[in-house]
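Chemist: sharing a sequence plus its predicted fold:
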Amino acid sequence: MTERRPQRLSPLTPLVRSFIVLVAAGTTVVRDVTQGEIGPTAMLFALLLFAGGVYGAVSWLRTTFWIEADELRVDTGVLSRQSRRIRIDRLQGIDIVQPFVARLLGLAELRMDVAGGHAREGSLAYLPLGEARRLKDLLLARRDELGASRQARQPGELAAHPAGAGTAASGAAPRVAGAAAPTGFPAATVPLERPLAKVDLSTLLLSIVLSGETVALVLVSLGMAAVLVAGGQLVGFSAFLPVLLGFGVAMFRKFSGNYGFTVSETPAGMQVSRGLFDLNVQTIALPRVQGVVVSEPLPWRALGWARLDVSIAGYGSAADNEGPAPSTVLPVGDRRLVHELARHVLRGLDPEAVELRPVPHRARWAAPVTHRFLSVGTDEHLVVSREGWFSRRTHAAPQPRIQSVRLTQGPWQRRLGLADVHVDSPPGPTTVRARHRDAAEARRLFGLEVAMTSWARRNRP
Amino acid sequence: MDDLFAPPGNSWRPVSPQLRRLRRTMLLACVVAALVALAVVDVVLSLPVGVTIALAVVLLLLAGFGWWVIGRNAANWGYAERDADLYIKHGALFRELIAVPYGRMQFVDITAGPLEQMYGIASVRLHTASPRTNARIPGLPAEEASWLRDRLTELGESQAAGL
């Protein structure tokens, strides 16, 4: 099997890694040379460039990776050597990321999400895009194969099943028979992708124009204009410009991050790909989904649009600080499509089928505006809550995923005979909570949730 | 409103009275330090007598309020073990009741700072995969804390569920 030989990353890797430095140094040197003299700065830069080039080349030469038994091994390091082993059976998902420069050169980074590990722990940068895709499919197929063989493993079957035996401590060195594994490259062919949803350009643009940020921007602009008119001068305008610029940048990042947003179904899970400059391909393993959030900002409701986010175990709420959150499954779409995707992500459970009950009328003294939008409901599979006037959000969490349940009551709520019930999920956008319920109902709901979550955990499919 | 935070079984197991003593002692230490600081400021700046007395009275009133709050708060901590989960309740003004299923616990810590050790108490904290699970029992007698930790760990292992 060719994959067992140590392989190298793309030789263009150092170029992508130090692109900014290269451009800066290169322009300095070129400028100095064209001016006819090579100054000390240019000399220094040229020297640095040369040293960096040598370092990059050596680093590339000494970075190899290969698959051995059930591990992906990565050797790196110019002076001090590091050997990293990533257990394939513990891979949770693999993302393909293409920063802008890498994308220009047709390269991609493979980011491996390992259970309990940090994001940076498993990363291969950079590979040609085709090879990255092939390796991803190969690794995921190998993982499934390992998982299946582990489940089906019998003592007598061990010798006949090299894939399963690779996990044993006996070592895989003499196991030449491994090459004869019947499932060599099962998924190395074209992956089975079934498209589920795609965000078209006009919808994306309109959704950004109609977002809460724009409303805030308009309000701020009106306020500023009023101040300017009242003051009769343009003194404040220069202070206003950075705010405007900030809004513009935020909106553009939203646009570039969600450009070409495509959701499809693959054997490894749901695949989300997006990005104008930096292409991001992420695979969501459905068994790791901890809950969903459907948000409907006020301006979208007239158009019947909504947005879908999911909580994924291990991703957290701010896993990367660039562009939109990694938890978004659909940044904008028709309500029906969003609910269909939500059902898909929850593997058939339907948040819309859960009947939601409103809060008692006296809750208006605790939440004057929003009490009309607070509601909650449960059934044996899901707990669902809804809140928010401007941005209406419906949170849903599967009962077996609940970590703990809390009942809280402040002094003002005590006067009114109200209480809150919080359902705690792992970090992510989903926060199911029943605010301002009648106190007796809240205690009942609390007891019900505690009983339901333990029942659901025991009777899990 | 007592039935809202009623115990799931017979009664709540309270925390040690040492917690109240520890907190009240710390409060007294702070009050004494503040009074000394006030006296120093008084001498250095030679404040009018009226101002000094007013400040001292305010300080003592705050201390009295703190004394009362500490008593109420310590009396409101409690926990109860059930078959599949642990209940914890706390708070006097803002009350909270937490249920943590044993199968969801990732680990249990015991912490005891130097002052807590002097009073022979420790806090037990339960961690789940959600950071919002704020399940802490402060001021347990040291041996009860380690007994509870061992018991919870054991129950957690026997009922463990993956994510």
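Modeler: Structure's in. What do you need?

Chemist: what residues does residue A:217 make contact with?
Modeler: By C-beta atoms under 8 Å, 6 or more residues apart in numbering or on different chains, residue A:217 lies in contact with A:244, A:247. From N, CA and C alone the C-beta is placed, and that goes for glycine too.

Chemist: what about the helices in the chain?
Modeler: Here I'm looking at chain A. A:13-17, A:19-34, A:40-61, A:100-104, A:129-152, A:162-165, A:201-209, A:212-231, A:237-258, A:298-301, A:335-345, A:411-416, A:439-458 (DSSP state H).

Chemist: chain B, not that one
Modeler: Remark: helices assigned in chain B by DSSP H are B:17-45, B:49-76, B:114-118, B:142-158.

Chemist: Throw these into a markdown table and include distance to chain A and mean pLDDT, thanks.
Modeler: Formatted as a markdown table, the helices of chain B follow (distance: least, C-beta to the nearest C-beta, whole Å; pLDDT from 0 to 100):
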| stretch | distance to chain A | mean pLDDT |
| --- | --- | --- |
| helix B:17-45 | 21 | 92 |
| helix B:49-76 | 12 | 92 |
| helix B:114-118 | 25 | 91 |
| helix B:142-158 | 12 | 88 |
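
Chemist: in CSV: those helices, plus mean neighbour count.
Modeler: CSV is the format used below for the helices of chain B (neighbours: other C-beta atoms under 10 Å in any protein chain shown):
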stretch, mean neighbour count
helix B:17-45, 14
helix B:49-76, 14
helix B:114-118, 12
helix B:142-158, 16
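
Chemist: make a markdown table from the ones you listed and add distance to residue A:260 to it.
Modeler: Output for these, formatted as a markdown table (distance: least, C-beta to C-beta, whole Å):
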| stretch | distance to residue A:260 |
| --- | --- |
| helix B:17-45 | 58 |
| helix B:49-76 | 55 |
| helix B:114-118 | 57 |
| helix B:142-158 | 45 |
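
Chemist: looking at those helices, which is nearest to residue B:104?
Modeler: Nearest of these to residue B:104, taken as C-beta to C-beta: helix B:142-158 at 8.2 Å.

Chemist: next, the angle from the closest one to helix B:17-45.
Modeler: With axes from the mean of the first three to the mean of the last three C-alpha atoms, to 10 degrees applied, the angle from helix B:142-158 to helix B:17-45 works out at 120 degrees.

Chemist: so which bits of the stretch 351-461 of chain A are right by chain B?
Modeler: Counting by C-beta under 8 Å from any C-beta of the partner chain, the residues of the stretch 351-461 of chain A close to chain B are A:400-411, A:414, A:417, A:419, A:422, A:424-427, A:431, A:439-440, A:442-443, A:446, A:450, A:453-454, A:457, A:460.

Chemist: do I have it right that residue A:140 meets residue A:95?
Modeler: No: contact between residue A:140 and residue A:95 fails when scored by C-beta atoms under 8 Å: they sit 11.7 Å apart.

Chemist: which residues are common contacts for the two?
Modeler: With C-beta under 8 Å, 6+ apart as the test, residue A:140 and residue A:95 both reach residue A:283.

Chemist: and residue A:283, what are its bridge partners?
Modeler: Note on residue A:283: beta-bridge partners by DSSP bridges are residue A:271.
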